[in-house]
Structures are given as C-alpha cells and as structure tokens.
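Trainee: Provided below for reference: sequence and predicted model.
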Protein chains: 2
Amino acid sequence: MSEVHLKDALETLKSTGVRITPQRHAILEFMIHSTMHPTADDIYRALEKTFPNMSVATVYNNLRVFKSAGLVKELTYGDSSSRFDFVTNDHYHVICNDCGKIVDFHYPGLDEVEHLASHVTGFQVDYHRLEIYGTCQQCLSKSAQAQ
Amino acid sequence: MSEVHLKDALETLKSTGVRITPQRHAILEFMIHSTMHPTADDIYRALEKTFPNMSVATVYNNLRVFKSAGLVKELTYGDSSSRFDFVTNDHYHVICNDCGKIVDFHYPGLDEVEHLASHVTGFQVDYHRLEIYGTCQQCLSKSAQAQ
DNA sequence: TACACTAATTATAACGATTATAATGTAAGA
DNA sequence: TCTTACATTATAATCGTTATAATTAGTGTA
C-alpha cells in the first residue's frame, strides 16, 4: 500500500522534473509511514540519525517542493508550527484539544457548501478545509480518572 | 447593531472580572466596526494615532483575554500572522488565494459531520472549523484583463 | 565513463510574529 | 489616602521559517 504511494509520489516528482535525492526519498518515506502529522522539526529530528549533516532548510525546501507538486498538504492550526500531511485520498482531520492528536476522518464531499459559497460570494471556489475539534478517548478517560 | 455588540462585550468582560481600560475599549470597538479580519499589527497600527504609547504586547495580551472570554476567534491560515475575528453569530469564511480577502458566509450548521466524526473516532466533539478557498471576483476579472 | 551544467544541500544569518520580563502606571476597595 | 492587584509599556528573548552564498551531487550528453 504505502510502497505504491511512495512509487507514485516519486513518479509524480520525476515527471515534473524534480530530482530524487536521498533526502527527498527519506522525507517522503517518513511522511508516508508516519501516522502522526509531523512538523518540519519532527521530520528533521527523525532523519538526523540517517543524515547527520542534513539542514533544517532542506526539510522546509522539500516540503515546499512537495506541496507545489500536490503531494503534501500544510496544516496550520493555532499552535506555533505547521504540520504536514501526505495527501492520499481526501479526508478531514479530527483534532484533540488536550494532547494534539490528529485522527483522519473520511466524509463524502461537501460540494454543496462550495457551490453555495460560490453563488453567494461570487468567488470561483477551488477547495475547502474542514477540521473538527474535541477531546480524544484517552484524554477523556484520563480526566475522568482525575476526578 | 454594533453598539449592542460592544455593550454586550463590555458586559461579558465586566462579569468575568476583567477591567475595561481605554485600550481594551478601543481594540474591541475597532474589531467590531472593521469589516476586514485584522491581524494584531493591523489593530496596533490603527490605534497608534489615538494611543501613541500603546505597545504591541498590549494588543496581543488583550486579544488573548478576549479569546478566553469567547469574544474573539483566532484564525490561522497559511500566511505568517494570525487574524482575529469578533464573534457575532456563527459563520464561515471564504478566502481569496490571490489578494487574501476574507468574506463571511452563512451556512446552516454541519452538525451531522460532527456527529459522524464523534461516532467514528470516539472523540467528544466540541466544534469544527470550515474555510472555503478560491478567487474573488476582482481578482478574477483582473486576471481576465491581463490575458 | 567522464564532463559539464544545473539543481540541491548545507551552514549560517536574517527576519518577523509572538511571548516573556521587569518596571511603571492605574483602577478600585478598605 | 493607602494598598493591592491588575494593566500597560518598553524591551529583550524565543522560535519557526526563509534568504544567502558556498559547496556538493544528479543527470544528460559526448
């Protein structure tokens, strides 16, 4: 499964004339296999064992490259740093306000919202973004215990 | 209308034991009357004529106070700085990717999404966030002219 | 395979938004 | 009026991200 994703991603990059460097390969691989939604620094720290000389700038540069190739999405929540998400199929995120955990959540498209928005505002609507906030089960039971 | 909002906001603050200083009054007033969704710096610059000695920290501090009182929402989009929105009734935002303009957009609640998310993930869902992205009419016609 | 050209990486400095700190000022109650 | 706690100010510090310049390494071609 994820091997297919990696292969597809590399194909996409190659077809747009982007070189496949070991660092890029590793960043992509890490993002595909990681279930969390890592920050640039997460990625940097995860790979500094294998690439002791890698620079943070490389991570940022390549995340930008991947973003413009449509392979990766940048998630900006309230906290200080962006998180990055490998794009597979469309899904939304459910976020825990306590521990920050992000869980994927599939939901049929909200095309109707886009249409209405376009109609009301006169915008040419391209896409939307939806996140759901709350508390995850672990944090719920933890705070229940604390009572 | 907006006078009512301001009065309500001041009431809310007073009831939670927050002092009404001239700076706080001015920040609230500015936010209520502004149709744009200002950054902290926008607010700072708008008020430095009336408060030549006001510090940026004051703006940030008070925005935090207003946020925890539920009067103000922080909007974090991709760009560098947060925008702040005085909370009136629930609405979503349609954002222009060209010029950054933000237009309000009313839409009946997406309660169903919240319910399903809660059911699938086991989260206690509190709220959600939805934004719609595209290009506004001005930017559309501008780029059409450029052709 | 070797060469040349261009893109990618590295190291580091710069930037800019936000927060922390300490000193000063001010509102409100005893 | 005095006191106490909260607000504001001025400034420094922090931290994520981006820019710059020098070096390194892929890739197409001979």
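Mentor: Alright, I've got the coordinates. Numbers count the residues shown, from 1 in each chain, chains lettered A, B, ... in the order given.
Trainee: alpha carbons only for contacts and neighbour counts from here, please
Mentor: OK.
Trainee: which stretches of chain A aren't confidently modelled?
Mentor: Chain A contains residues with pLDDT under 70 at A:1-2, A:147.
Trainee: in contact with the residue most central in space within it, which residues?
Mentor: Geometric centre of chain A, nearest residue: residue A:85, 1.1 Å, by C-alpha atoms, centre = their mean. By C-alpha atoms under 8 Å, 6 or more residues apart in numbering or on different chains, the contact set of residue A:85 is A:31, A:37, A:38, A:72, A:73, A:74, A:75.
Trainee: in strands only, show me those.
Mentor: Taking DSSP state E, the ones among those that sit in strands are A:72, A:73, A:74, A:75.
Trainee: the first one pairs with what?
Mentor: Spelled out, that is residue A:72. Residues in a beta bridge with residue A:72, per DSSP bridges, are residue A:86.
Trainee: which residues touch it?
Mentor: A:63, A:66, A:84, A:85, A:86, A:87.
Trainee: what's the answer for the third one, then?
Mentor: Contacts for residue A:74 were tallied using C-alpha under 8 Å, 6+ apart; they are A:67, A:82, A:83, A:84, A:85, B:78.
Trainee: now restrict these to buried residues only.
Mentor: Among the contacts of residue A:74, those buried by neighbour count (16 or more other C-alpha atoms under 10 Å in any protein chain shown) are A:67, A:82, A:83, A:84, A:85.
Trainee: wouldn't the first one be in contact with residue A:84 here?
Mentor: No - counting by C-alpha atoms under 8 Å, residue A:67 sits too far from residue A:84 to count as a contact (9.2 Å).
Trainee: shared neighbours of the two, anything?
Mentor: With C-alpha under 8 Å, 6+ apart, residue A:67 and residue A:84 have common neighbours A:73, A:74.
Trainee: and the strands in chain A?
Mentor: Ranges of strands within chain A are A:72-75, A:83-86, A:92-96, A:102-105, A:124-135, based on DSSP E.
Trainee: those: which one's closest to residue B:97?
Mentor: Closest approach to residue B:97 among the strands of chain A (C-alpha to C-alpha): strand A:124-135, 9.4 Å.
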